[in-house]
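> sequence plus predicted model, see below.
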Amino acid sequence: MSIPYYFDYHRRDNDDDKDDADNLNFRKNLPSSSQKTPTKKVFENKVNSEKVKSSHMTFSSKNYEFLFQEPSESESDETMWNVSDFPHNDRWNSVDTEPAGPSKTVSPGLPDIETVSEKELSQLSQIQPLIFNYSSQSAMKDCLKTLQKKEEYDIIREFLELEEMPLLDDINSGNELLNKDKNRYRDILPYDSTRVPLGKNKNYINASYIRIVNYEEEYFYIATQGPLPETIEDFWQMVIENNCNVIAMITREIEGGVIKCHSYWPISLKEPLELKHFRILLENCQITQYFIIRVFQIVKKSTGMSHCVKHLQFTKWPDHGTPASADFFIKYVRYVRKSHLTGPLVVHCSAGVGRTGVFICVDVVFCAIEKNYSFNIMNIVTQMRRQRYGMIQTKEQYQFCYEIVLEVLQTLLALS
């Protein structure tokens, strides 16, 4: 069986989506998603691993059978901390500071929250395909050789072809004057056809449904921007209405002195975040070397019903760059996937397209490998861009999707 390829590339001007019509004039005061941090030269930031000898990889549509494991990482200094011990800072000025289940009634006591060790994360990153035999190993070796022959030029060419994709749908809702203050960046707006509607009136939030199809499997996400102070209530409404139990946050609140995402959660066990319609309670928190685990109960004030959400914040990815450690990100992605139970998986960075796109792409690839499906990175990114404009912003990020998969495959072959 082959993966269908849907490519519809047309040349476009890079500024097509920026203030080129009278109804966009109000957006001039908003920052652009591309002007905050200078982008590094493509391929300049390499993955920190001796095993990565090449960044050239893609997958044909042959049905390869895979199995690979991830080597253990050095023990981290992950700790369990009680957030009530920390001083209460203003939630807008925060700087870096289980499986969750479906909706349920608030319990009077705190749940049992298990800490996650680095050893467990290393084991989790060892993706186990359904079939592992001589034939699958042989196919994987052939595939790896093909990937290693891929030139950097080919990866750049793929990304430039993706950049030529035009706007594929209207963005009227995001352009309405009423919604001006709900967009973090003037050039990142959701398509009308895939935007996430809120409530009976289908109110606006800068968020998009993303559905990726690979063979018979469909992977369902919400890609969204980091909440603004005035969209925090909307964000939690979206989480509740879509029955989401996991939020993957791939940014720090402030990077390089610039606010990338406003803190939309309480920082103390003793003091919940009170919104108009919701009360957000922090039940526990764990800090690892490269991501933070928070567990929230979201209480709907009108009914008293609550929803348990696991919030996973990756803290080792610079804006417009790539993580220094592929191992860290592999473990993070796999832990997010393990934690997911209900609803679409909510993913956000600052704009909700760059790091968010890389996460979704890599997550789909890992799931495909786990189920012995072949995959094609360009096809996955094409599907994403048809549903939210500009997913994966830089060549550097696009290359990292390839590098991280190569790291995984090389590790498996070395162990096998």
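Noted; the coordinates are in hand. Numbers count the residues shown, from 1 in each chain.

> list the residues that contact the residue located most distally from the centre of the chain.
Using C-alpha atoms, centre = their mean, the residue of the chain lying farthest from its centre is Tyr134. It sits 34.1 Å away. Listed by C-beta atoms under 8 Å, 6 or more residues apart in numbering, Tyr134 has no contact partners. All C-beta spots, glycine's among them, are computed from the backbone N, C-alpha and C.

> what about the residue nearest to Asp192 when sequence neighbours are not counted, how many residues nearby?
Distance criterion C-beta to C-beta, 6 or more residues apart in numbering; nearest residue to Asp192, sequence neighbours excluded, is Asp170 at 4.7 Å. Counted with other C-beta atoms under 10 Å, the neighbours of Asp170 add up to 12.

> so how far is His348 from Asp170?
23 Å (C-beta to C-beta, to the nearest Å).

> and for Glu396?
Taking C-beta to C-beta, one finds Glu396 at 20 Å from His348.

> so for those two, which residue has more residues nearby?
His348 (25 against 22).

> show me what that one bridges to in the sheet.
Per DSSP bridges, the residues bridged to His348 are Thr224, Met249.

> might one say that it is in contact with Cys244?
No - at 11.5 Å, His348 does not count as touching Cys244 under the criterion of C-beta atoms under 8 Å.

> name the residues that touch stretch 290-302?
76, 97-98, 100, 106, 111, 113, 116, 236, 239-240, 265, 277-287, 305-316, 325, 328, 331-332, 335.

> please indicate which of the residues you listed are buried?
76, 97-98, 100, 116, 236, 239-240, 265, 278-287, 306-315, 325, 328, 331-332, 335 (16 or more other C-beta atoms under 10 Å).

> so which of those are in strands?
Counted as lying in strands by DSSP state E, out of the buried ones among the contacts of stretch 290-302, are 278-287, 306-314.

> now the helices for the stretch 301-416 of the chain?
326-339, 354-370, 377-385, 395-415 (DSSP state H, counting those that start in this stretch).

> among these, which comes closest to Met165?
With C-beta to C-beta as the criterion, Met165 lies closest to helix 377-385 of those, at 5.4 Å.

> and the closest one, what does it pack against?
Counting contacts by 3 or more C-beta pairs under 8 Å, 6 or more residues apart in numbering; DSSP states H and E, helix 377-385 packs against helix 152-163, strand 207-214, helix 354-370, helix 395-415.

> go again using 7 Å as the cut-off
helix 152-163, strand 207-214, helix 354-370 (3 or more C-beta pairs under 7 Å, 6 or more residues apart in numbering; DSSP states H and E).

> ok, residues contacting whichever helix or strand comes after the first one?
So that's helix 152-163. Note on helix 152-163: by DSSP states H and E, the next helix or strand toward the C-terminus is helix 172-175. With C-beta atoms under 7 Å, 6 or more residues apart in numbering as the test, helix 172-175 has contacts from Asn23, Leu24, Asn179, Asn183, Leu189, Pro190, Asp192, Arg195, Tyr204, Asn206.

> enumerate every residue touching the third one.
When you say that, I think you mean Asn179. Here Asn179 is in contact with Ser173, Tyr204 (C-beta under 7 Å, 6+ apart).

> am I right that Val299 is in a strand?
Yes - per DSSP: H, G, I helix; E, B strand; the rest coil, Val299 lies within a strand segment.

> how deep is it tucked in, by neighbour count?
Val299 has 21 neighbours, counted by other C-beta under 10 Å.

> how about Asn201?
Quick note: Asn201 (other C-beta under 10 Å) scores 7 neighbours.

> helix, strand or coil: sort out it for me.
coil.

> check contacts around it.
Counting by C-beta under 7 Å, 6+ apart, Asn201 has no contacts.

> can you give me the helices in the stretch 51-200 of the chain?
So, for the stretch 51-200 of the chain - with DSSP H, counting those that start in this stretch - the helices run 118-124, 134-148, 152-163, 172-175.

> to Leu406, which of those helices lies closest?
Leu406 lies closest to helix 134-148 among the helices of the stretch 51-200 of the chain, at 6.2 Å (C-beta to C-beta).

> chain center to the closest one: distance?
28 Å (C-alpha atoms, centre = their mean, to the nearest Å).

> can you mark which positions in it are buried?
Ser136, Gln137, Ala139, Met140, Cys143, Leu144, Leu147.

> so the second one versus Leu409, what's the distance?
Read that as Gln137. From Gln137 across to Leu409, the span is 11 Å (C-beta to C-beta).

> related to what we said a few turns ago, only whichever of the contacts of helix 172-175 are buried, select them in ChimeraX.
Remark: buried members of those, expressed as a ChimeraX selection using 16+ other C-beta under 10 Å:
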select :24,179,183,189,190,195,204,206
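
> closest one to Ser122 out of the contacts of helix 172-175, please.
Among these, Asn206 lies closest to Ser122 (C-beta to C-beta), at 35.9 Å.

> nearest spatial neighbour of the closest one, skipping sequence neighbours?
Nearest residue to Asn206 in three dimensions, chain neighbours excluded: Gln225, at 4.7 Å (C-beta to C-beta, 6+ apart).

> ok, the one you found - how many residues close by?
Other residues close to Gln225 by other C-beta under 10 Å number 28.

> mind listing what it touches?
By C-beta under 7 Å, 6+ apart, the contact set of Gln225 is Arg184, Ile188, Asn206, His348, Ser350, Ala351, Gly352.

> looking at the helices of the stretch 51-200 of the chain, which is closest to Val358?
Between Val358 and these, the tightest spacing by C-beta to C-beta is seen for helix 152-163, at 12.3 Å.
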